[in-house]
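**Q** Have a look at this prediction, sequence included:
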Amino acid sequence: MFPIVIPPLRERRSDIPELVHHFIVKKSQEMNFGRIPMIHPGTMEQFMSYDWPGNVRELENIVERALIRRRALDPKEPFEFEDFLPGQQTQGYSSRIQFIREAGDERSLDDAMREHIQATLMRAGGRVQGPGGAAALLRIKPNTLRHRMRKLGIPFGKNA
């Protein structure tokens, strides 16, 4: 046997830009993005200054999570990774977490989901499906939304 020693990512920082680009292209294709998204200027410096204790797998996971979140936001805007790199969270994100802790928001996931679905239904004028319907706004299938609404006790259709 011949041992193969691969140095950790923190010792080969010059590989980071190429790996980031590779993972953005790979994950964008997996998620059926129409085009490859651009990253926000200054983001690469954040990647280069991070020590990457999880090595390449951690880098890949951070890119994937940022792309998933980006899908829910404006896909034309350059995207950032600040909410995903430890110690580099944006003020908006950390202040929301702090607000929830201070307010003692102890809602269950079902309660939070119920409120979100109801707010989306109001924006959609009570429509579950079709263009501008709640399912389209939530980016889920109408049957999936109806199932969740039944489970959460949210009336729809003739019951509404």
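**A** That came through, no problem.

**Q** where does this protein dip in pLDDT?
**A** Scanning the chain with the threshold set as pLDDT under 70 gives 70-107, 158-160.

**Q** Find the residue at the geometric middle of it.
**A** residue 69 (2.2 Å; Cα atoms, centre = their mean).

**Q** what's the strand or helix carrying it packed up against?
**A** For residue 69, the host element (DSSP states H and E) is helix 55-72. Identification of packing neighbours for helix 55-72 by 3 or more Cβ pairs under 8 Å, 6 or more residues apart in numbering; DSSP states H and E yields helix 16-30. No exception for glycine: its C-beta is placed from N, CA and C like everyone else's.

**Q** Next, the buried residues of the helix it packs on.
**A** 16, 19-20, 23-24, 27-28 (16 or more other Cβ atoms under 10 Å).

**Q** Just give me how far that helix sits from the chain centre.
**A** 16 Å (Cα atoms, centre = their mean, to the nearest Å).

**Q** For it, list the C-alpha coordinates in CSV.
**A** The C-alpha trace of helix 16-30 is given here as CSV (Å, rounded to 0.1, in the frame of the first residue of the first chain):
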residue,chain,number,x,y,z
ILE,A,16,-10.9,27.4,-2.8
PRO,A,17,-12.0,29.7,-5.7
GLU,A,18,-12.0,26.8,-8.2
LEU,A,19,-13.8,24.5,-5.7
VAL,A,20,-16.4,27.1,-5.0
HIS,A,21,-17.0,27.6,-8.8
HIS,A,22,-17.2,23.8,-9.3
PHE,A,23,-19.8,23.4,-6.6
ILE,A,24,-21.9,26.3,-7.7
VAL,A,25,-22.0,24.9,-11.3
LYS,A,26,-22.7,21.4,-10.0
LYS,A,27,-25.4,22.3,-7.5
SER,A,28,-27.0,24.8,-9.9
GLN,A,29,-27.4,22.1,-12.5
GLU,A,30,-28.8,19.7,-10.0
